[in-house]
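Enquirer: This is a predicted model, with the sequence first.
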Amino acid sequence: MPNYANRYISNLTRETYALILAGGRGSRLHELTNWRAKPAVYFGGKHRIIDFPLSNCINSGIRRVGIATQYKSHSLIRHVSRAWGHFKKELGESVEILPASQRYGDEWYCGTADAVFQNMDIIRHELPKYVMILSGDHVYRMDYGGLLAKHVETGADMTVCCIEVACEEAANTFGVMTVDENKRVRRFDEKPAEPSAIPGKPGMCLASMGNYVFNTEFLFEQLRRDAEKEGSGRDFGHDIIPAIIEEHNVFAFPFRDPSHEGQPYWRDVGTLDSFWEANMELVMPEPQLDLYDPSWPIWTYQEQLPPAKFIFDDDDRRGMAVDSTVSGGCIISGSLVRRSLLFSNVHVHSYCEIEQSVVLPGAVIERHCRIRKAIIDRSCHIPEGMRIGYDEEEDKRNGFRVTKKGIVLVTRDMLNALQQKSR
């Protein structure tokens, strides 16, 4: 017998167009986003952040996806073209890049709503019944089918996907909703200093994930109205949602993970500390974000690389990794890697000790280095004998960035500046 619930959801996903907003700079990641947009930042050993909302779409059955880009988008566009360029338009599926192109005026994207407004003609050409707006810079796994089904069942004009977070965490960071017993949104505050708590859950609030579902014509109507309004910030949180909650049906959809009780996995890796912490969670024996689950794969572009290699087995020179994740193409030569995450093509030379660190692709670490609680950017060449993460003042003198929690960021530009200084 057919599963009519699944058939119902599959019909909804076929009638949906997803637009991923991927133009953000991610300024709180500092030098890590000097040359790439936040959605293009590496994560989890093989992936980019953009791979998570894209994989959620494809795994949910949403096969028409647009990606709105803007800030330093070259590496993002290159990655999407390589990883996601195989979809066939003639089969009703596509992952298309929509660069900012001043389609409705002389301005670049002025806000999240404006990014959608400037692509209305492209969305209309797809003839969707529903439009899903997704943030391109969060890490999570979610089946969007349940979100779409609830949107239709409640008769909503707009549905806001949300998650429970601590008020302290949400302050000045997330949009916060106040809802009634039916989950209808009665108030929306964008990044309030003092978020309103959920009734019966002191210290917790309902924060927007930046993911929305709209009935298509309703969305277009609100975007046109907002574009004509003087003084508007052209933003969903600041402008669109507060303007429509009184007269229209706006509902909240609390995100739940059916495979885990309690708080679902969702990370806004918007700071160096949160980026490091989220990657470190993945080397735990049983991380909440299971990248090994074949039922919900996170797709990406994968270069053809040889297996990771560990060489030498002498007492003072043994290549090994403990409680770590090591990607293809890596060579650990007579060194110890402990509680760390190494991306592809990292080469650690002999007599090194790497601990609690995130090492991005192509990095080379020369002999006798000691690195602790660090983020090593792509293609960095760490000179022989360098210590990182052991002396905060030394790290700062070397030109590295040290966070409030003591995480050290090292980039190629910093190393080049240090080399020039030493001369």
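Expert: Yep, that arrived. Because the structure is predicted, anything quoted here is derived from the model rather than measured. Numbering: from 1, shown residues only.
Enquirer: use CA for all of it now, contacts and neighbours both
Expert: Fine.
Enquirer: mind checking the backbone torsions on residue 311?
Expert: phi -130, psi 160 (degrees, to the nearest 10).
Enquirer: ok, it touching residue 321?
Expert: No - using CA atoms under 8 Å, residue 311 is not in contact with residue 321, being 11.0 Å away.
Enquirer: more neighbours, those two?
Expert: Using other CA atoms under 10 Å, the more surrounded residue of residue 311 and residue 321 is residue 321, with 19 against 15.
Enquirer: so what's the more buried one bridging to?
Expert: residue 337 (DSSP bridges).
Enquirer: Any regions of the stretch 51-200 of the chain where pLDDT drops low?
Expert: 102-107 (pLDDT under 70).
Enquirer: For it, just list every one of the helices.
Expert: Ranges of helices in the stretch 51-200 of the chain, per DSSP state H, counting those that start in this stretch, are 51-60, 74-84, 112-117, 120-126, 144-153, 167-170.
Enquirer: Just the angle for the second one relative to helix 51-60, thanks.
Expert: Translated: helix 74-84. 30 degrees (axes from the mean of the first three to the mean of the last three CA atoms, to 10 degrees).
Enquirer: Run through who's touching helix 74-84.
Expert: Residues from elsewhere that reach helix 74-84, judged by CA atoms under 8 Å, 6 or more residues apart in numbering: 36, 37, 39, 40, 95, 97, 299, 300, 301, 302.
Enquirer: So which of those residues are in strands?
Expert: Of the contacts of helix 74-84, the ones assigned to strands by DSSP state E are 95, 97.
Enquirer: Which members of the contacts of helix 74-84 come out as buried by neighbour count?
Expert: Buried residues within the contacts of helix 74-84, counting neighbours by 16 or more other CA atoms under 10 Å: 36, 37, 39, 40, 95, 97, 299, 300.
Enquirer: I'd say the first one and residue 72 touch.
Expert: Yes - applying CA under 8 Å as the test, residue 36 and residue 72 come out as touching, 5.4 Å apart.
Enquirer: which neighbours do the two share?
Expert: What both residue 36 and residue 72 touch, as defined by CA under 8 Å, 6+ apart, is the set residue 25.
Enquirer: Measure how buried the spatially closest residue to residue 155 that is not a sequence neighbour is and give me the count.
Expert: Computed as CA to CA, 6 or more residues apart in numbering, the closest residue to residue 155 that is not its neighbour in sequence is residue 249, at 7.3 Å. Residues near residue 249, counting by other CA under 10 Å, number 16.
Enquirer: show me the contacts for residue 249.
Expert: Residues counted as contacts of residue 249 (CA under 8 Å, 6+ apart) are 155, 156, 157, 158, 184.
Enquirer: For the longest strand along the chain, name the packing helices and strands.
Expert: Longest strand in the chain by number of residues, with DSSP E as the criterion: strand 204-215. If you count contacts as 3 or more CA pairs under 8 Å, 6 or more residues apart in numbering; DSSP states H and E, strand 204-215 packs onto strand 130-135, strand 158-166, helix 167-170, strand 175-179.
Enquirer: Strand partners (parallel or antiparallel) of that strand?
Expert: Partners of strand 204-215 in the sheet, by DSSP bridges, are strand 130-135 (antiparallel), strand 158-166 (antiparallel), strand 175-179 (antiparallel).
Enquirer: Could you dump the ones you listed into a markdown table and include distance to residue 338?
Expert: As requested, the strands paired with strand 204-215 are arranged in a markdown table below (distance: least, CA to CA, whole Å):
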| stretch | distance to residue 338 |
| --- | --- |
| strand 130-135 | 33 |
| strand 158-166 | 31 |
| strand 175-179 | 38 |
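Enquirer: looking at those strands, which is closest to residue 119?
Expert: For the strands paired with strand 204-215, the distance to residue 119 is smallest for strand 130-135, at 12.0 Å, taking CA to CA.
Enquirer: got the angle between that closest one and helix 144-153?
Expert: For strand 130-135 against helix 144-153, the angle by the same axes, to 10 degrees is 130 degrees.
Enquirer: top of the contacts of residue 249 by neighbour count?
Expert: Of the contacts of residue 249, residue 158 is surrounded by the most neighbours, 27 neighbours in total, counting by other CA under 10 Å.
Enquirer: Go ahead and confirm it touches residue 211.
Expert: No - here residue 158 does not reach residue 211: they are 10.6 Å apart, not a contact under CA under 8 Å.
Enquirer: picking that back up, in the longest strand of the chain, what counts as buried?
Expert: In strand 204-215, counting by 16+ other CA under 10 Å, buried: 204, 205, 206, 207, 208, 209, 210, 211, 212, 213, 214, 215.
Enquirer: Pipe the residues you listed into CSV and attach distance to residue 78 and pLDDT per row.
Expert: Formatted as CSV, those follow (distance: CA to CA, whole Å; pLDDT from 0 to 100):
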residue, distance to residue 78, pLDDT
204, 40, 93
205, 38, 94
206, 36, 95
207, 32, 95
208, 30, 95
209, 26, 95
210, 25, 93
211, 25, 97
212, 27, 98
213, 28, 98
214, 30, 98
215, 32, 98
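Enquirer: Looking at the residues you listed, which is nearest residue 195?
Expert: Among these, residue 205 lies closest to residue 195 (CA to CA), at 6.7 Å.
Enquirer: any idea what sits nearest that closest one, other than its immediate chain neighbours?
Expert: residue 197 (4.6 Å).
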